[in-house]
Structures are given as structure tokens and as C-alpha cells.
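*Asks:* Prediction below, plus the sequence it came from.
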Amino acid sequence: MKKGLALATAFLLGFTAVACNNGTSGGTSQNSSEPGQSQSERQTENESQSEAPSGEEITIKWALWDYEQTAYYDAIIEGYKKVNPNVTIETIDLGSSDYSNMLQTQLAGGSDFDVVTIKEIPGYANLVAQGLLDPLDDFIAEEEIDTSLYGGTTEQVTVDNHLYMLPFRSDFWVIYFNKAIFDEMNVPYPTNDMTMEDYDALARKLVHGEGNEKVYGAHYHTWRSTVQLFSVLDGKHSVYDYPYDWMKDTYELILKEQEDGVVMDYATAVSTSAHYRDLFYNGKIAMMNMGSWQIGSNIKAVKDGETDVKDWGIVKYPHPAGVEPGTTLGSITGLALNKNATNKAAALDFIKWVTGEEGAKEIAKTGTIPAIHTETVMEEIAAMDGFPQDQNSKDALSTKQIYLDMPFNIKAGEVEIVMNEEHTEIMSGTKTIEQGLADMSSRVEQILKDE
């Protein structure tokens, strides 16, 4: 079995997620191919259109998710247009809940998106396997792009010596907390050195109220990653390491919290489509484990008056006993070139800018951690207006060890489906922990045995 890949002292990869939203900027993309037009004819036409003269008005179609709720999209677009005023960026929001499947369906159908956002490893693996993305190797060589600036992450998403995406965002997981709830319950704020048992005990002190007035001590969103991946932080396993009995202790702890009403039960979260962001903004949860992408969203929500939580903070992720504080999970978000892109040259220029140092500066201004960061980026984020000014929150931006939530595997998509299905069975009580993990193990073994 493959063991989990750890990248130390850097902000790493995987691809975790945010919630569904269907807003767009500039309208919705339509397939521009004529009925009956062959693939070769479309390719010739695309290549011709890609060579537009400098200064000519060009529109780049960018597929993404959660446009309205994400702080950095506008910052990227505005920053790019300052140096390329002739280029219009049309965003097509495919929503978050089923983004990867929606994107795959659109691209397989010949969509004329130019730039596509890569959200997660399974989705990336599927797009590569189906030949829906153009490799970027020649472009990277021609433009002399230094991939070492990404802290080793591009090596982790290279497929058969080809790279099909470049990262622009690098996230790691922290704990967000509502200071007002802690103050109300007279409970000390969380620290930057908590085990899972410490986190559990703290959450139990914070839960209070009944019915619509209930406030939960913590919250685990419905993604399997919010539960399962506490188990990889000891550095001994990755999600491909069946049998999965090593996840049992984590499931037992969190299901006990669910049983005791410390956290919202999984079935309720699913049936009500409860979004972690809304629960936190409405003051319904004291703490939540989530990626650093939420920092920028929190800052924006406070400024825009979209949250009741004005005083919040972050601390480092809970870790297993004996593991160094600052050990956490990481992810990157990348940009790729659609095989059927209409404006390939312009799209590649956009990808280069966004994933480069200039794009990184614009992303960091929103409180979001870019894939490329200088020594001062974290200090800039911590000093920005709206970032919590307590020392623990500032210190939480420093990590020691970051593990991939899902290392690349060409069968990652198949494995992800199984793990999601069995996670649902366990969390909803349809299967016992033992049975769910046993079924997960046998099904993943079947997928990977011919690898």
C-alpha cells in the first residue's frame, strides 16, 4: 500500500470545497461549435482564434464555482485587466455541490470554456483520463515558468510526465471559532495545541440551547474529509491504505458527539442542506474545522454585513497525541486549459498571470493564501483589515506538516465515490463503523488491485 505523502513547511494540495452558488459574471457559456462540425475543424478554428493580435478585444470564458461568495475572483479579474485592458473575463459559475461532475459533462460535450478551475484530485484525474485538458509542459518550458515556486505541489499532480494544471491557491485546514459564544459560556478560547480529545472536550462545554435556539459546540460539514482525514494526521496512512480500520477511533469520537447532540447530526445536515458557512455566520456553531479559504470569506462577510459573527478567530488544527502542533491537511486549487478552448493563447496568458507572482499578490490581498508565497505573504494576510488580531490567530497561519487530503491516483475518482458512499452509510447509522470500514476496504481493494 502507498503511504501518505507529506510536504513539510509548505502549503499543500488536495482539493476541498466550498458551497453551491449559481451566480455568474458576464453571463452563461454556450457551446459555440456548429452542428456537425468535426473535432479537427473545431481544433483548427480554435487555433486560429487563439492567435488574436495583441490589443484586440478578447473574451476568455472561465469555469469556476461560488463566484458571489468567493473573495478573490474579482481581485484576480481586476488585477489582470489592469495589465490587459483588452481582455474580458466571462465567469461561468457551475456551482459547488456537483462542480467536478458538471465540469466534466460540459467539457465532454464540447464546451468552449477557455480556462477551467480544478477543484479536487478525483475531478482532475477524470478530466486527464478522458483527454479533456491540454498538457501545459511546452508552455511552461517556453515561458520558463519556475514550478519550484509551488513548493513541490506540481510534482504531485504530474501524470505520466505531463502537467495539466498550475496551482493558484494553496490552503490548509484550521479551526474557526466564534469568540462571542466562548465569552457567553465563560469558556477560554481554543489554543494552537489541541489533540482531538481536547477539541472534543471543548466542544462539549459550548453546546447549549434547544430547538431553533440551539448552538452546537462544533460542526462537521457533510464532506467525508471533515471526518475521515483527522485519521491521516499521524503520517502513517493515506486514503488508499486499506483496510481502513485505522479510521475507527475518529469515527467513534465524532459519532459519539453526534449522538450526544454536541454537533448537528449528519442526516439533518444533509436533509436541510445545511451549509457550514451559514451556520457559522448565523451564530449556530461555536467551532468548525475548515480550510483557510474561509478566512477571506469571513473578512468579506463582516465588511458586507452578511454575518452576525463580527468577532471570530482561528487556531491550528487538532492533532493526534504525540504529533507536533501545526500538523494539518492541505489542498491546492489550480487552473487548466480546456482542450476545446476558443482562445488558447489568451487563456494561457491568463493562467500564467494568475498562477504567477502578480496573481499571488492579488489573491493574498483578499486574505486567501496563494500557491506562490513570499516570506511576507503570511504577515500581509495577518495584518490585513478584518483579520483577527489576537496572537493565536496570527500564529495559526504557521504550519509544521501538511498532508495531502487525497494524493494523486488515476483511479482517485473511483476511490472517492466509494469513500463518500461508505462515509454516508456510517454517519447516517445505516451501517456500523466496522461494517462500513470493511465494505470500504473491500471495494477500494477491488478498484486498486489492477493499478
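*Replies:* It's in.

*Asks:* Would you point out the helix or strand in the protein whose mean pLDDT is lowest?
*Replies:* strand 6-8 (a mean of 35; mean pLDDT, DSSP states H and E).

*Asks:* and stretch 226-234, how far apart are its ends?
*Replies:* One end of stretch 226-234 to the other measures 16 Å (Cα to Cα, to the nearest Å).

*Asks:* Can you give me the distance of residue 327 to residue 286?
*Replies:* 23 Å (Cβ to Cβ, to the nearest Å). Using the backbone N, CA and C atoms, a C-beta is placed for each residue, glycine as well.

*Asks:* With residue 381 instead?
*Replies:* Counting by Cβ to Cβ, the gap from residue 381 to residue 286 is 24 Å.

*Asks:* quick one: which of those two has more around it?
*Replies:* Between residue 381 and residue 286, counting by other Cβ atoms under 10 Å, residue 286 is the more crowded of the two (28 against 24).

*Asks:* and the lengthiest strand in the chain, what's its mean pLDDT?
*Replies:* The longest strand of the chain (DSSP state E) is strand 166-178. Across strand 166-178, the average pLDDT comes to 95.

*Asks:* got a list of contacts for the next helix or strand after that strand?
*Replies:* Tracing the chain past strand 166-178, the next element assigned as helix or strand by DSSP states H and E is helix 179-184. Contacts with helix 179-184, where a contact means Cβ atoms under 8 Å, 6 or more residues apart in numbering, come from 188-189, 206, 215, 283, 286, 309-313.

*Asks:* And stretch 291-302, by the same measure?
*Replies:* 16, 18, 69-72, 169, 171-174, 176, 277, 281, 306-307, 309-310, 312, 314, 331, 366-369, 381, 384-387.

*Asks:* Just the ones of those residues in strands?
*Replies:* 169, 171-174, 176, 312, 314, 331.

*Asks:* Turn these into a markdown table, columns for neighbour count.
*Replies:* As requested, the ones in strands among the contacts of stretch 291-302 are exported to a markdown table (neighbours: other Cβ atoms under 10 Å):
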| residue | neighbour count |
| --- | --- |
| 169 | 26 |
| 171 | 28 |
| 172 | 25 |
| 173 | 28 |
| 174 | 25 |
| 176 | 27 |
| 312 | 22 |
| 314 | 25 |
| 331 | 29 |
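
*Asks:* Residues in a beta bridge with the closest residue to residue 309 other than its chain neighbours, which ones?
*Replies:* Sequence neighbours aside, residue 178 is the residue nearest to residue 309 in space, at 5.2 Å (criterion: Cβ to Cβ, 6 or more residues apart in numbering). Taking DSSP bridges as the rule, residue 178 bridges to residue 312.

*Asks:* change the start of the numbering to 47 and stick with it
*Replies:* Sure, I'll start numbering at 47, so the last one becomes residue 224.

*Asks:* Can you give me the neighbour number for residue 224?
*Replies:* Applying other Cβ under 10 Å, we find 25 residues neighbouring residue 224.

*Asks:* One more: the one 10 residues further on?
*Replies:* Neighbourhood size, residue 234 [other Cβ under 10 Å]: 8.

*Asks:* So what's the residue count around the closest residue to it other than its chain neighbours?
*Replies:* Nearest non-adjacent residue to residue 234, counting by Cβ to Cβ, 6+ apart: residue 228, 7.2 Å away. Residue 228: 20 surrounding residues under other Cβ under 10 Å.

*Asks:* And residue 228, how far from residue 248?
*Replies:* Going from residue 228 to residue 248 by Cβ to Cβ gives 9 Å.

*Asks:* show me the contacts for residue 371.
*Replies:* Contacts for residue 371 (Cβ under 8 Å, 6+ apart) come out as 238-239, 362, 365, 446.

*Asks:* Write a PyMOL command that selects only the buried members of those residues.
*Replies:* Those of the contacts of residue 371 that count as buried under 16 or more other Cβ atoms under 10 Å are selected in PyMOL with:
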select buried, resi 238+362+365
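
*Asks:* now the contacts of residue 371 as TSV including distance to residue 141 and secondary structure?
*Replies:* Below are those laid out as TSV (distance: Cβ to Cβ, whole Å; DSSP: H, G, I helix; E, B strand; the rest coil):
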residue	distance to residue 141	secondary structure
238	35	coil
239	38	coil
362	31	strand
365	33	strand
446	35	coil
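
*Asks:* Setting aside sequence neighbours, what's the nearest residue to residue 215?
*Replies:* Per Cβ to Cβ, 6+ apart, closest to residue 215 is residue 379, 4.1 Å.

*Asks:* how about stretch 277-289: buried residues?
*Replies:* 277-280, 283-288.

*Asks:* need these in CSV with pLDDT, can you?
*Replies:* Formatted as CSV, these follow (pLDDT from 0 to 100):
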residue, pLDDT
277, 96
278, 94
279, 95
280, 94
283, 93
284, 90
285, 93
286, 94
287, 95
288, 97
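
*Asks:* Could you tell me which of the contacts of helix 225-230 belong to helices?
*Replies:* residue 252 (DSSP state H).

*Asks:* Need the max-distance pair from the contacts of helix 225-230.
*Replies:* Taking Cβ to Cβ, the two most distant members of the contacts of helix 225-230 are 234 and 356; they sit 20.0 Å apart.

*Asks:* tell me the domain ranges of the protein?
*Replies:* 64-216+378-429, 218-375+436-450 (automatic domain parsing).

*Asks:* Relative to residue 458, which of these is closest?
*Replies:* domain 64-216+378-429 (4.4 Å).

*Asks:* any weak-confidence spans in the stretch 297-446 of the chain?
*Replies:* Applying pLDDT under 70 to the stretch 297-446 of the chain flags the ranges 419-422.
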